[in-house]
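Student: Please find the sequence and the predicted model below.
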Amino acid sequence: MDFSQIKSIEDQHSVGVYSKRPIAIVLGKGARLFDAEGKAYIDCVGGQGAANLGHANPRIAAAIAAQAERLIGLPEMFYNDVRANLMDRLCGLTGMERVFLSNSGTEANEAALKFSKVLTGRNRIVATMRGFHGRSMGSLSATWEKKYREPFEPLVPGFSHVPYDDTDALDQAITDQTAAFIVEIVQGEGGIRPASASYLSAAQKICNERGALLIVDEVQSGMGRTGRWYAYQHYGLQPDILTSAKSLGGGIPFGATLLRGGLEKIPPAVHGSTFGGNPLACAASLAAIDFIEEENLLEKAAENGAWFLNALREIDSPLIREVRGLGLMIGVELKQKTAPYIAQLAERGILVLTAGMTVLRFLPPLVIERRDLETVAENVREVLRGSI
């Protein structure tokens, strides 16, 4: 099918919740995507953080195919060898002790929020302004942006929001009624904003002193995106609960909620998931971890991210307010809306995300080559300089 046919069918049947770009992507390879007409694009959308290992990764495809011939689905009422291996591997990478497996980031955060209430016997959650934690009702209650929240109010009670990276506000907000504080190490939807080390350290100290749990949401920043397995590892933190998803399954829908040692086990039947921890997704995740280690993608993300961040900061344009990020999770904040620049970059064969109305967000697959990042940086420079 050509673009017009694809568009016509999707427009006829889609419920309409997505604002779609006028491109039909039909093929992917590494850090490249190809549309229905055969045009190639350098991908800096990265599946919104779910394509860290690149598109059509042959190692992931082989693992999925092999597992599909053995066993695809199996609920956690039964033990499973692939699931056991993955749980052990994830705990080894993070220093956590227990794992609940699900299918997405919002599910991972829902579990974290529910577990924090069960473990503490408390019912209040503190989250941050500009934070994004998902679209299901509990995770949505922790999310800040009004356009996501207001159509579904009233939401789950007991949630409050404090300014991000503001220790004094956090100190005032967390009380002996607080079950948990949920925070992103780098805010994604909120504009690619890394927290300061002092803030994160203070958050852990305040939570520990008051008996609240520290939930670290690494749905977008995890699986090597920032140059470590998880961004909290840059700061010497010990989360009580860690959430992971997106690239966790190597492209297969997957989510995980990890608990540190010392926390009680969650009582049976308090939570569950039919598809969570299915052997197919577990096999894909194990292959993803192997690939990241064998291809040294943590080191590459750190090195290429530092180079790319500096290259974007060197762009001399009065349109740029700030460039910030960590590893290959980078945002360019403009003084005006990003939409026309995203369209111009797409015409030039480069796909970029937004993070709010004024931030260009770059989440390229970690397999991207330096020469592609050089091409992206040069085109961003030309687009922003040419629009003055």
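Tutor: Received, thanks. Residues are numbered from 1 along each chain as shown.
Student: got the contact list for the residue nearest the centre of the chain?
Tutor: For the chain, the residue sitting closest to the mean C-alpha position, by Cα atoms, centre = their mean, is residue 220 at 1.2 Å. With contact set as Cβ atoms under 8 Å, 6 or more residues apart in numbering, residue 220 has these partners: 48-49, 105, 184, 186, 188, 246, 329, 363. C-beta here means a position set from N, CA and C on the backbone, and glycine is covered the same way.
Student: In PyMOL, how would I select the buried members of the residues you listed?
Tutor: What follows is the PyMOL syntax for the buried subset of these, where burial is set by 16 or more other Cβ atoms under 10 Å:
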select buried, resi 49+105+184+186+188+246+329+363
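Student: quick one, phi psi at the residue nearest to the centre of the chain?
Tutor: phi -90, psi -30 (degrees, to the nearest 10).
Student: how close does it sit to residue 331?
Tutor: Look at residue 220 and residue 331: by Cβ to Cβ, to the nearest Å, they are 12 Å apart.
Student: And residue 217, by the same measure?
Tutor: Taking Cβ to Cβ, one finds residue 217 at 17 Å from residue 331.
Student: Which one of these two is surrounded by more residues?
Tutor: residue 217 (32 against 29; other Cβ atoms under 10 Å).
Student: Would you mind splitting this protein into its domains for me?
Tutor: The record, using automatic domain parsing to delimit domains, assigns the chain the ranges 3-57+296-386, 58-294.
Student: Tabulate these (JSON lines), appending mean pLDDT.
Tutor: Supplementary listing: the domains of the chain in JSON lines, determined by pLDDT from 0 to 100:
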{"stretch": "domain 3-57+296-386", "mean pLDDT": "97"}
{"stretch": "domain 58-294", "mean pLDDT": "97"}
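Student: winner for burial among the ones you listed?
Tutor: domain 58-294 (a mean of 20; mean count of other Cβ atoms under 10 Å).
Student: how far does that domain sit from the chain's center?
Tutor: Distance, stretch centre to chain centre, for domain 58-294: 10 Å (Cα atoms, centre = their mean, to the nearest Å).
Student: so is residue 323 in a helix, a strand, or just coil?
Tutor: strand (DSSP: H, G, I helix; E, B strand; the rest coil).
Student: which secondary structure element contains residue 61?
Tutor: Following DSSP states H and E, one finds residue 61 within helix 58-70.
Student: go on, residue 344?
Tutor: helix 339-347.
Student: Can you give the contact residues for the helix or strand that that helix is followed by?
Tutor: Counting by DSSP H and E, the next helix or strand C-terminal to helix 339-347 is strand 350-351. Applying Cβ under 8 Å, 6+ apart, the contact partners of strand 350-351 are 23, 33, 41-45, 345, 375-376, 379-380.
Student: for those, which one is nearest residue 242?
Tutor: residue 45 (24.8 Å; Cβ to Cβ).
Student: Quick check: the closest one touching residue 352?
Tutor: Yes. Because the distance of 6.8 Å satisfies Cβ atoms under 8 Å, residue 45 is recorded as touching residue 352.
Student: And the strands in the stretch 151-300 of the chain, which stretches?
Tutor: 159-162, 178-184, 186-187, 193-194, 213-217, 241-244, 255-259 (DSSP state E, counting those that start in this stretch).
Student: just so I know, which of those strands lies nearest residue 224?
Tutor: Of all the strands of the stretch 151-300 of the chain, strand 241-244 comes closest under Cβ to Cβ, at 11.3 Å.
Student: Show me what that closest one is packed against.
Tutor: Judged by 3 or more Cβ pairs under 8 Å, 6 or more residues apart in numbering; DSSP states H and E, strand 241-244 is in contact with helix 105-120, strand 213-217, strand 255-259.
Student: Next, the contact list for residue 36, please.
Tutor: Taking Cβ under 8 Å, 6+ apart, one finds 1-3, 6, 24-26 in contact with residue 36.
Student: Actually, residue 50.
Tutor: 246-247, 251.
Student: nearest to residue 74, of those residues?
Tutor: For those, the nearest to residue 74 is residue 251 (20.3 Å; Cβ to Cβ).
Student: Give me the nearest residue to that closest one, chain neighbours excluded.
Tutor: In space, and not counting its chain neighbours, residue 251 is closest to residue 60: 6.0 Å by Cβ to Cβ, 6 or more residues apart in numbering.
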